[in-house]
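Undergrad: Sequence first, predicted model second:
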Amino acid sequence: MATMLERMIGAAKLDPATYEEVEGDPSATGQAMVVVVLSAVAAGIGGISLGAKGFVVALISALVGWFVWAGLTFVIGTKLLPESGTQADFGQLLRTIGFSASPGVLQVAGVVPVLGAVVAFFASLWMLAAMVVAVRQALDYKSLGRAIVVCLLGWLVNIAITVVLVLMFGLASGMAGGFGGTPAVP
């Protein structure tokens, strides 16, 4: 059995075998949660240029987003768009999707003006690619295209949640200045 760090590296490398291992190991649920928390804390630190609210919103949106995205993926992937061989439970998706957040630790670079926004953007794309692999493995899809569609649908909802949180906490005006290197007013 691989360590959590080895699993994180395998997940970041988009290694299907790592996702299969995590899917089949119910004891990895706690590890998956730790990965999500690490990624969320990195996102929070990356959003600190927006003040304490930026940290809190990034942290909350990452944690809520993981759970909601896993739930949406479960419903979309097993009920709306299953393949004939699709079988999975919610725990399997929580674990694989949790580990797909491994590249999110790079979001800590968000504290660096301009470069941080670029790194955070690419980390988000990398996490999306990792999630496609995770979903393909967890839902036993043969079609990569189906996994992409399921993930994109969930991702759009995840983005909407983040936007709502940003608007609720009044960070929209701070984000424009914060990513340009000018600290946002808390």
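TA: Now that the structure is in, tell me what you want to look at.

Undergrad: how distant is the helix or strand containing residue 132 from the center of its chain?
TA: Here residue 132 sits within helix 115-138, counting by DSSP states H and E. Helix 115-138 has its C-alpha centroid displaced from the chain centroid by 7 Å (Cα atoms, centre = their mean, to the nearest Å).

Undergrad: What's the first helix or strand after it?
TA: The first helix or strand that comes after helix 115-138 along the chain, using DSSP H and E, is helix 144-168.

Undergrad: And that next one, what does it pack against?
TA: Identification of packing neighbours for helix 144-168 by 3 or more Cβ pairs under 8 Å, 6 or more residues apart in numbering; DSSP states H and E yields helix 52-75, helix 115-138. (Each C-beta comes from the backbone N, C-alpha and C, glycine too.)

Undergrad: Turn those helices into TSV, including distance to residue 3 and mean neighbour count.
TA: Listed next are the helices and strands packed on helix 144-168 as TSV, based on distance: least, Cβ to Cβ, whole Å; neighbours: other Cβ atoms under 10 Å:
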stretch	distance to residue 3	mean neighbour count
helix 52-75	21	20
helix 115-138	18	21
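
Undergrad: hey, least reliable of those helices by pLDDT?
TA: Comparing mean pLDDT across the helices and strands packed on helix 144-168, the weakest is helix 52-75, with a mean of 78.

Undergrad: Report the angle between that one and helix 144-168.
TA: Helix 52-75 runs at 150 degrees relative to helix 144-168, counting by axes from the mean of the first three to the mean of the last three Cα atoms, to 10 degrees.

Undergrad: what's the following helix or strand after helix 52-75?
TA: Next along from helix 52-75, by DSSP H and E: helix 90-99.

Undergrad: For that following helix, which helices and strands make contact with it?
TA: Checked by 3+ Cβ pairs under 8 Å, 6+ apart, helix 90-99 has helix 4-12, helix 16-23, helix 29-46, helix 52-75, helix 115-138 packed alongside it.

Undergrad: Only the buried residues of that helix, if you could.
TA: 91-99 (16 or more other Cβ atoms under 10 Å).

Undergrad: Would you mind telling me which of the helices and strands packed on helix 90-99 is nearest residue 145?
TA: helix 115-138 (9.8 Å; Cβ to Cβ).

Undergrad: and that closest one, what other elements does it pack with?
TA: Against helix 115-138 (3+ Cβ pairs under 8 Å, 6+ apart) you get helix 4-12, helix 16-23, helix 29-46, helix 90-99, helix 144-168.

Undergrad: Pull out the buried residues from stretch 76-91.
TA: 76-78, 81-82, 86, 88, 91.

Undergrad: Which residues are in contact with residue 136?
TA: Neighbour list for residue 136: 16, 144, 147 [criterion: Cβ atoms under 8 Å, 6 or more residues apart in numbering].
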